[in-house]
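S.K.: Structure for this input, please:
(one chain, ligands or ions: 1)
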Amino acid sequence: MALAAARRLLLHAGSRLGRREAVDGARRFANKRVLVETEGPAGVAVMKLRNPPVNSLSLECLTEFTISLEKLENDKSIRGVILTSECPGIFSAGLDLLEMYGRNPAHYAEYWKNVQELWLRLYTSNMILVSAINGASPAGGCLLALCCDYRVMADNPKYTIGLNESLLGIVAPFWFKDMYVNTIGHREAERALQLGTLFSPAEALKVGVVDEVVPEDQVHSKARSVMTKWLAIPDHSRQLTKNMMRKATADSLIKQREADIQNFTSFISKDSIQKSLHMYLEKLKQKKG
Ligand SMILES: CC/C=C\CC/C=C/CC(=O)SCCNC(=O)CCNC(=O)[C@H](O)C(C)(C)COP(=O)(O)OP(=O)(O)OC[C@H]1O[C@@H](n2cnc3c(N)ncnc32)[C@H](O)[C@@H]1OP(=O)(O)O
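M.R.: Numbering: from 1, shown residues only. Purely as a prediction, here's the structure:
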């Protein structure tokens, strides 16, 4: 409830809370975890996630992300968005594990509703979305990239991308799966989902998780040149085509949002699932020591 109110405030009081300022002729607005700048080709915004250390999608981060997208959708001068990260070496570590561990069912339900909302807004956006994947992109990080119309990834073997949920002892929801199938086909998706495969950039390109792999220092310039190409297509025909391709996948969640929230809440509340998440979090900690 409090978050919903904050969201309304942020959206409508854009210039007060989401600061909007002029920098060298470019416009920018920022909230704490998402920076949006208009630069490069006209009509293009660059959206940078900045929720260190790993751009995990906490409830606050999801909310700010959704609000920023909503603002861009409402700005008729913006036709395309390049999605990238300000955290070195990390695109996004995906959903915030601490939002799914040790909390109560009401919190899980609220969190999941916001995950759904961001996904629906990104996946059905009328704008051209290009991701400049400049770091690791597991699970929900991969989900963000999959929502885009085109994916450019940095050629660094340390960076991996994929829906690795099964490695955590959890299951990718059906709409994550549907989007994976739409992108890489049924057989590859079936195998990658069961194994929780995290692909290197070269593997991701081969299987079709990303569209292009370029040297790390060229990720942004490549994303811009891809955007220029897409901007040359008339908006109305591109948008109608995108809608035709994506509507069925989005509708299958829209039809059952409440049931999906309940399913997530009861699944994640299970002792066995909480135990798996605990073990995974411990493993992440031990990796350091
Ligand atoms: C019915 C449906 C049911 C369920 C569906 C639920 C769907 C979930 C989808 C998801 O997105 S689940 C999240 C999956 N994410 C991951 O598996 C990524 C885990 N993280 C990593 O592999 C690594 O952290 C990294 C490759 C992203 C970065 O590595 P590195 O640079 O070496 O950083 P650290 O590992 O040291 O991490 C720093 C710090 O951040 C914490 N952290 C990492 N990932 C997350 C996360 N997703 N959520 C929350 N926190 C995360 C990590 O524990 C470290 O914390 P410290 O307190 O130890 O500093």
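S.K.: Which stretches in the stretch 151-289 of the chain count as strands?
M.R.: Per DSSP state E, counting those that start in this stretch, the stretch 151-289 of the chain carries strands over the ranges 161-162, 212-214.
S.K.: which parts of the protein sit against the ligand?
M.R.: 53-54, 56, 90, 93-98, 136, 138-140, 164-165, 168, 170-171, 173, 263-264, 267-268, 284-285, 287-288 (C-beta under 6 Å from any ligand atom). C-beta coordinates here come from the backbone N, C-alpha and C atoms, glycine included.
S.K.: quick one: which of those residues sit in helices?
M.R.: Gly140, Asn263, Phe264, Phe267, Ile268, Leu284, Lys285, Lys287, Lys288 (DSSP state H).
S.K.: Just say which of the strands of the stretch 151-289 of the chain is most tucked in.
M.R.: Comparing the strands of the stretch 151-289 of the chain by mean neighbour count (mean count of other C-beta atoms under 10 Å), strand 161-162 comes out on top with a mean of 26.
S.K.: Can you list the helices and strands that that one packs against?
M.R.: strand 135-138, helix 140-146, helix 201-207 (3 or more C-beta pairs under 8 Å, 6 or more residues apart in numbering; DSSP states H and E).
S.K.: Quick one: distance of it to the chain centre.
M.R.: Taking the mean of its C-alpha atoms, strand 161-162 sits 12 Å from the chain's own mean (C-alpha atoms, centre = their mean, to the nearest Å).
S.K.: heads up, I number from 32, so please use that
M.R.: Right, with 32 as the first residue, what we last looked at is strand 192-193.
S.K.: pLDDT of it, averaged?
M.R.: Mean per-residue pLDDT for strand 192-193: 98.
S.K.: remind me which residues of this structure are low pLDDT?
M.R.: Scanning the chain for pLDDT under 70 picks out 32-57, 71-72, 320.
S.K.: Excluding chain neighbours, what is closest to the residue nearest in space to the middle of it?
M.R.: In the chain, the residue lying closest to the centroid (C-alpha atoms, centre = their mean) is Leu175, at 2.1 Å. The shortest distance from Leu175 to any non-neighbouring residue, by C-beta to C-beta, 6 or more residues apart in numbering, is to Ser123 (5.9 Å).
S.K.: Tell me who's in contact with that neighbour.
M.R.: Ser123 is in contact with Leu80, Val85, Asn86, Ser87, Leu88, Ser116, Ser168, Gly171, Gly172, Leu175, counting by C-beta atoms under 8 Å, 6 or more residues apart in numbering.
S.K.: swap the cut-off to 6 Å and go again
M.R.: Contacts for Ser123 (C-beta atoms under 6 Å, 6 or more residues apart in numbering) come out as Leu80, Asn86, Gly172, Leu175.
S.K.: can you check Ser231 too?
M.R.: Applying C-beta under 6 Å, 6+ apart, the residues near Ser231 are Pro188.
S.K.: Would you check how far apart it and the ligand are?
M.R.: Applying C-beta to the nearest ligand atom, to the nearest Å, the value for Ser231 to the ligand is 13 Å.
S.K.: Since that was my last question, I'll sign off now.
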